[in-house]
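Colleague: Whatever this is, show me its structure:
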Amino acid sequence: MALSNSQYNEVMRRYEQRQLDNRHGQQERQQEVYSRVPQIKALDEAVGARAAACARRVLEGDTKAKEQLKEDLADLREQKKVLMAAAGYPADYMDMRYHCPDCKDTAYVNGRRCHCFEEARIHILYAQSNIREILKRENFQTLSLEWYDPEQKILGLDMTELEYMKLVIHQCREFAENFPEKGRNLLFTGGTGVGKTFFANCISKELIDRYHSVIYLSSQDLFEMLSQCKFGREVQEEVEDTCRHILDCDMLVIDDLGTELNNTFVSSQLFYCINERINRQKGMIISTNLSIGMLRDTYSDRVTSRIMSHYKTIPLYGGDIRLKTPKSSRFS
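Modeller: Numbering: from 1, shown residues only. Below is the predicted model of the structure:
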């Protein structure tokens, strides 16, 4: 989804403010050092004076001026480094500092939008989209253990619904708290209404609140976006950026995998997306009504193999908990 002109201008104003703050911070650090160690200020002034003198000598035809300046500057920098260390400052204390070293807070790298711009775009769209309201309703704070039967045993497990779901809740909280150090990928399986989307939303909200970039897409929307990027005659920049960020964002959530119209393109793109994000060490959450066997039959052995070897699978059991929750909530 594209930003409006006003939204784009808002993002760029933030970058302009960052640049002003960066310069102000650098000036404050310079004045601090100069007041404590006046010799350093003198050295910086000498650098400017010698550079100006060199320019004059070059204009006058002195072919050795540049080489002499190079030697002089190296000597002045070494003197400055010694003085900075003696005063307890790191050598780069007076250098410019950036929020994003890649684009130096300009929003662009080599003419393309920086990843930090894309993250800012996602946060703006998230703040103004329906997902924000959904995550207000569907999060760990609104989760209730009253939805689960304390007596009904889960077939094949010596546990009640309540006992098992306590374990699931603990695993999901632990995943969100320790992301990405102790795991990046989850697969939620189970029938309709057991809470797969709800738990994916719980984790998404925790990650967004900690400033991780999260993209949430239904499987149909994901493959439609990838199709536009691959086969569109004139791919818009925003579509291209979103497709790129699908591979680069901290967490990609694919909801209801298996509900899309499957074909060879979908299977190949699913493998590409999963494999590429594994290689880039990015997180992914998949929810599906399909069992592992059905995933293999629907897509391919290599897709299922990647999931089984790199994802923690969390099966969800029980009845449709949507019947036990407010109508404003939704689950799958």
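Colleague: how close does Arg23 sit to Val303?
Modeller: Distance, Arg23 to Val303, using CB to CB, to the nearest Å: 50 Å. Quick note: C-beta positions are derived from backbone N, CA and C, even for glycine.
Colleague: Point out where the protein drops to low pLDDT.
Modeller: Scanning the chain for pLDDT under 70 picks out 1-4, 125-130, 231-239, 321-332.
Colleague: how's it carved up into domains?
Modeller: Taking automatic domain parsing as the criterion, the chain consists of the domains 5-108, 129-324.
Colleague: follow-up on the earlier one: so for Arg23 and Val303, which sits in the more crowded spot?
Modeller: Higher neighbour count among Arg23 and Val303: Val303, with 20 against 11, using other CB atoms under 10 Å.
Colleague: hang on, the earlier thing: so which of the domains of the chain gets nearest Phe117?
Modeller: Among the domains of the chain, the nearest to Phe117 by CB to CB is domain 5-108 (4.5 Å).
Colleague: was I right about Gln50 contacting Leu69?
Modeller: Just so we're on the same page, residue 50 is Arg rather than Gln. Yes: counting by CB atoms under 8 Å, Leu69 is a contact partner of Arg50 at 6.1 Å.
Colleague: Neighbour count: these two, which is higher?
Modeller: Leu69 (18 against 15).
Colleague: For that one, which non-adjacent residue is spatially closest?
Modeller: Of all residues not flanking Leu69 in the chain, Cys54 sits nearest, at 4.0 Å (CB to CB, 6 or more residues apart in numbering).
Colleague: Counting neighbours, what do you get for that neighbour?
Modeller: For Cys54, the count of nearby residues is 19 (other CB under 10 Å).
Colleague: which parts of the helix or strand hosting it are buried?
Modeller: Using DSSP states H and E, Cys54 sits within helix 38-59. Neighbour counts using 16 or more other CB atoms under 10 Å place 40, 43-44, 46, 54, 57 of helix 38-59 among the buried residues.
Colleague: and if you look at stretch 179-189?
Modeller: So, applying 16+ other CB under 10 Å, buried residues of stretch 179-189: 179, 184-189.
Colleague: So which of the residues you listed is the closest to Met225?
Modeller: So of those, ranked by how close each gets to Met225 (CB to CB), first place is Asn185, at 20.2 Å.
Colleague: Which parts of the stretch 51-200 of the chain are helices?
Modeller: Counting by DSSP state H, counting those that start in this stretch, the segments of the stretch 51-200 of the chain that form helices are 65-86, 115-127, 130-137, 161-178, 196-209.
Colleague: thinking again about what came up before, among the buried residues of stretch 179-189, which ones are in strands?
Modeller: Judged by DSSP state E, strands contain the following of the buried residues of stretch 179-189: 185-189.
Colleague: which of those residues sit farthest apart?
Modeller: Distances among these were taken as CB to CB; the most separated pair is Asn185 and Thr189, at 13.6 Å.
Colleague: if we can go back for a sec, adding distance to Lys136, write the buried residues of stretch 179-189 out as a markdown table.
Modeller: Output for these, formatted as a markdown table (distance: CB to CB, whole Å):
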| residue | distance to Lys136 |
| --- | --- |
| Phe179 | 21 |
| Arg184 | 26 |
| Asn185 | 26 |
| Leu186 | 22 |
| Leu187 | 26 |
| Phe188 | 21 |
| Thr189 | 26 |
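Colleague: which among the residues you listed gets closest to Ile134?
Modeller: Nearest to Ile134, judged by CB to CB, of those is Phe188 at 16.4 Å.
Colleague: wait, what's in contact with that closest one?
Modeller: 196, 199-200, 285-288, 314, 316 (CB atoms under 8 Å, 6 or more residues apart in numbering).
Colleague: Repeat the analysis, applying 7 Å as the threshold.
Modeller: Neighbour list for Phe188: 196, 199-200, 287, 314, 316 [criterion: CB atoms under 7 Å, 6 or more residues apart in numbering].
Colleague: how about the domains of the chain, which one is nearest His115?
Modeller: In terms of CB to CB, the element of the domains of the chain nearest to His115 is domain 129-324, at 6.1 Å.
Colleague: Now find how far off-centre the closest one is within its chain.
Modeller: 16 Å (CA atoms, centre = their mean, to the nearest Å).
Colleague: Which residue ranges of the stretch 201-332 of the chain form strands?
Modeller: Along the stretch 201-332 of the chain, counting by DSSP state E, counting those that start in this stretch, strands occupy 214-218, 251-257, 283-288, 312-315.
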